[in-house]
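S.K.: Please find the sequence and the predicted model below.
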2 protein chains.
Amino acid sequence: MGTAAARDARVRRLCRPLLVGDAWVLHRFLIHRSLRIHPITDLAEYLNHPDIINVLHVPHPGIRTLRLGFPQKVGGEAACLAVRTAAGLALQKRVAGVVTGPISKESLKMAGVPFPGHTEMLARLSRASHVEMLMAAGPLRSVLVTRHIPLKKVPGRLTKNNIVSAVRWIDPWLKKVLGLKGKPRWAVCGLNPHAGDRGLLGREEIGVVAPAVKALRTQGLSADGPLPADVAWAKHVQGEYDAVASLYHDQGMIPLKTLYPRGVVNITVGLPWVRTSPGHGTAFDLASGRKPYSGADPSATIDAALWAMKITRHG
Amino acid sequence: MGTAAARDARVRRLCRPLLVGDAWVLHRFLIHRSLRIHPITDLAEYLNHPDIINVLHVPHPGIRTLRLGFPQKVGGEAACLAVRTAAGLALQKRVAGVVTGPISKESLKMAGVPFPGHTEMLARLSRASHVEMLMAAGPLRSVLVTRHIPLKKVPGRLTKNNIVSAVRWIDPWLKKVLGLKGKPRWAVCGLNPHAGDRGLLGREEIGVVAPAVKALRTQGLSADGPLPADVAWAKHVQGEYDAVASLYHDQGMIPLKTLYPRGVVNITVGLPWVRTSPGHGTAFDLASGRKPYSGADPSATIDAALWAMKITRHG
């Protein structure tokens, strides 16, 4: 629920964490009884103490009907209110960045929110013309060229232009945030088994991906591909590339989560402010019972907060 | 080229390795000059000595025109001849099993061979009614429900029946070969991001994968799913499952190759004899120059040979 990340010593060394949401929920389901929830309505009321969790109280009138562990309208509405408030603070530069928690796409839908997830909602709230989703874990990074769409729609959505624009968008950001001396080295994945095996197993590599890689190189970027996705990832892990351009969600998420099951971070690049998020779902399965979320692992949220600080410093 | 695996001490402790192919190629491009190529035309001529590489000579009249490192007709023809010969020996039970080398699908096509790869060719040569492809690396195993087809064809090819039959086919084999006490525990992947997120990101999970998992459970197997592919793999790596049912080639190959870049083994289950293969391609990029294949890593071929022996003992 964010409290573990807010009290983490590494996080607190680098910033003053503030939770945003309905303080009643946090108070009601607080795991660490040594902590004190301090609801505030203005940032001036912030109390800087390791045992105090400051919560900017964003009340939802129906919050007491919330049942943990299920997608529901009130959950979607409360999450949406909290996200809007946090985004507003970031836009006004009153906070350095925002770490969003996981959100239930189903709850959002029940609440009538017309976005499939945070990234799209935040882009609209911030009037950002172009955002890209970068996933990071340990020394690995990948941009997802297509995101939350059914697999069968992926081949039709891929264009030379969306591959080029995703890589071009992330490239200077990556160089700056990681402090790379040379050009970021990109591996661009193919779509099909063996990257299409010269057209025998699919032709998107020939028609779409290879022209995109050629265009990136012409524009002065360091990009190789189309590489078979398994080869691209194996080489990225071995340090031969700085980042992988994944053409669809699972092409990037499978290797990241397999290698770093608790440490995947989602970074939105292109907002006028810093936004990161843990790269996992709502864990509704851990949210029920007498001690909700007591078995949850805060690592990814902590990593997301540390990434947010890194971007604030270098981005 | 197989010589490194044939002289490997672990391999030689467990079997008497025999290479099958045109002996001229092996002689011409031999890296280890301390070894001697011993061409034979009958198994009775086998010489059992660590410095001698026995080669069942399968001559191809045009072999001297072979240029290493390129797909070509003569390469496809010679490979096909060697595979047919080895399969014949296995069918006659004159060898315990066959480890096939990587093959160029393009060379096969140039040679007019009407199979996309080994697996399909061997199934036909052995009149096997049903074969499945199991990929193994370290403690990880995955059946590929669909194999060498373009990604855009995957959703249309998936059926409840091919998921059920792939898992059912491998299940008893896995129990026997791995010596498992209980039922093999299967994780069945979803097709879409987040396994479709209850239908919001695709409906194949609801229409195809969930009914397949239900059928497997009804038939007494231990199967969970559809799980998001990244979750299924992360849990398999953590030991929660004995095997993953991957719905398409890269869903299985990306995590295997990312974690074990040099140790993926391809096992055909359903032939009347034992067949394994290294899970990588021809490495044509390493085949040119003055010392062809000198930078190649024989680990996967050695692992394939060790798996073949394991299956011979327990399968």
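M.R.: Good, I have the coordinates. Numbering: from 1, shown residues only, chains lettered A, B, ... in the order given.

S.K.: Show me the contact partners of stretch A:179-188.
M.R.: A:163, A:167, A:171, A:174-175, A:178, A:209, A:212-213, A:216, A:220-227, A:232-233, A:235-236, A:240-245, A:314 (C-beta atoms under 8 Å, 6 or more residues apart in numbering or on different chains). (Glycine included, C-beta is placed from N, CA and C.)

S.K.: and these near chain B, which?
M.R.: residue A:233 (C-beta under 8 Å from any C-beta of the partner chain).

S.K.: Now intersect the contacts of stretch A:179-188 with the helices, please.
M.R.: Within the contacts of stretch A:179-188, residues falling in helices by DSSP state H are A:163, A:167, A:171, A:174-175, A:178, A:212-213, A:216, A:232-233, A:235-236, A:314.

S.K.: out of the residues you listed, who has the most neighbours?
M.R.: For those, neighbours were counted using other C-beta atoms under 10 Å in any protein chain shown, and residue A:233 has the most, 33 neighbours in all.

S.K.: got the contact list for the closest residue to chain B within the stretch 51-200 of chain A?
M.R.: Closest contact between the stretch 51-200 of chain A and chain B, by C-beta to the nearest C-beta, is at residue A:150 (3.3 Å). By C-beta under 8 Å, 6+ apart, residue A:150 lies in contact with B:192, B:196, B:201, B:202, B:203, B:204.

S.K.: what about the closest residue to it other than its chain neighbours, helix or strand, and which?
M.R.: Distance criterion C-beta to C-beta, 6 or more residues apart in numbering or on different chains; nearest residue to residue A:150, sequence neighbours excluded, is residue B:202 at 3.3 Å. Using DSSP states H and E, residue B:202 is not contained in any helix or strand.

S.K.: Tell me the bridge partners for the residue most central in space within chain A.
M.R.: Against the mean C-alpha coordinate of chain A, by C-alpha atoms, centre = their mean, the closest residue is residue A:266 at 2.1 Å. Here residue A:266 shows beta-bridge partners residue A:135, residue A:277, assigned using DSSP bridges.

S.K.: Give me the distance between it and residue B:195.
M.R.: Noted for residue A:266: a distance of 18 Å to residue B:195, by C-beta to C-beta, to the nearest Å.

S.K.: now swap in residue A:302 and tell me
M.R.: 26 Å.

S.K.: Low-confidence stretches in the stretch 1-150 of chain A?
M.R.: Along the stretch 1-150 of chain A, segments meeting pLDDT under 70 span A:1, A:31-32.

S.K.: Spell out which residues of it are next to chain B.
M.R.: Applying C-beta under 8 Å from any C-beta, we find that the stretch 1-150 of chain A lies next to chain B at A:71, A:105, A:106, A:109, A:116, A:147, A:148, A:149, A:150.

S.K.: May I ask which of those residues has the most neighbours?
M.R.: Neighbour max across the residues of the stretch 1-150 of chain A next to chain B (other C-beta under 10 Å) = residue A:105, 23 neighbours.

S.K.: From what I see, it and residue A:116 are in contact.
M.R.: Yes: when contacts are counted by C-beta atoms under 8 Å, residue A:105 is listed as touching residue A:116 (6.1 Å).

S.K.: shared neighbours of those two, anything?
M.R.: With C-beta under 8 Å, 6+ apart, residue A:105 and residue A:116 have common neighbours A:148, B:200.

S.K.: Tell me where chain A has strands.
M.R.: Using DSSP state E, the strands of chain A run over A:19-21, A:36-40, A:52-57, A:97-99, A:132-137, A:140-144, A:185-189, A:222-227, A:243-246, A:265-269, A:274-278.

S.K.: Turn those strands into CSV, including distance to residue A:90.
M.R.: Converted to CSV, the strands of chain A look like this (distance: least, C-beta to C-beta, whole Å):
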stretch, distance to residue A:90
strand A:19-21, 10
strand A:36-40, 17
strand A:52-57, 12
strand A:97-99, 5
strand A:132-137, 18
strand A:140-144, 22
strand A:185-189, 29
strand A:222-227, 32
strand A:243-246, 25
strand A:265-269, 11
strand A:274-278, 7
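
S.K.: Between residue A:302 and residue B:195, point out the one with more neighbours.
M.R.: residue B:195 (26 against 21).

S.K.: I'd like the distance between that one and chain A.
M.R.: 10 Å (C-beta to the nearest C-beta, to the nearest Å).

S.K.: ok, that residue - contacts?
M.R.: B:189, B:205, B:209, B:225, B:226, B:227, B:228, B:229, B:231.

S.K.: near chain A, from those residues?
M.R.: Okay, of these touching chain A (C-beta under 8 Å from any C-beta), that's B:228, B:229, B:231.

S.K.: By neighbour count, which of those wins?
M.R.: Result: residue B:229 is most packed of the ones next to chain A among the contacts of residue B:195 (other C-beta under 10 Å), 35 neighbours.

S.K.: these two touch, right, it and residue A:254?
M.R.: Yes: using C-beta under 8 Å, residue B:229 is in contact with residue A:254, at 5.3 Å.

S.K.: tell me, what's touching the two both at once?
M.R.: residue B:251.

S.K.: who's sitting farthest from the centroid in chain A?
M.R.: Outermost residue of chain A (C-alpha atoms, centre = their mean): residue A:200, 35.6 Å.

S.K.: Leaving out the residues flanking it, which one is nearest to it?
M.R.: residue B:105 (5.6 Å).

S.K.: The one you found is in contact with residue A:199, isn't it?
M.R.: No: using C-beta under 8 Å, residue B:105 is not in contact with residue A:199; the gap is 10.6 Å.

S.K.: what pairs with residue A:39 across the strands?
M.R.: residue A:55.

S.K.: Now residue A:199. Nearest residue, chain neighbours left out?
M.R.: Counting by C-beta to C-beta, 6+ apart, the residue nearest residue A:199 is residue A:206, at 5.5 Å.
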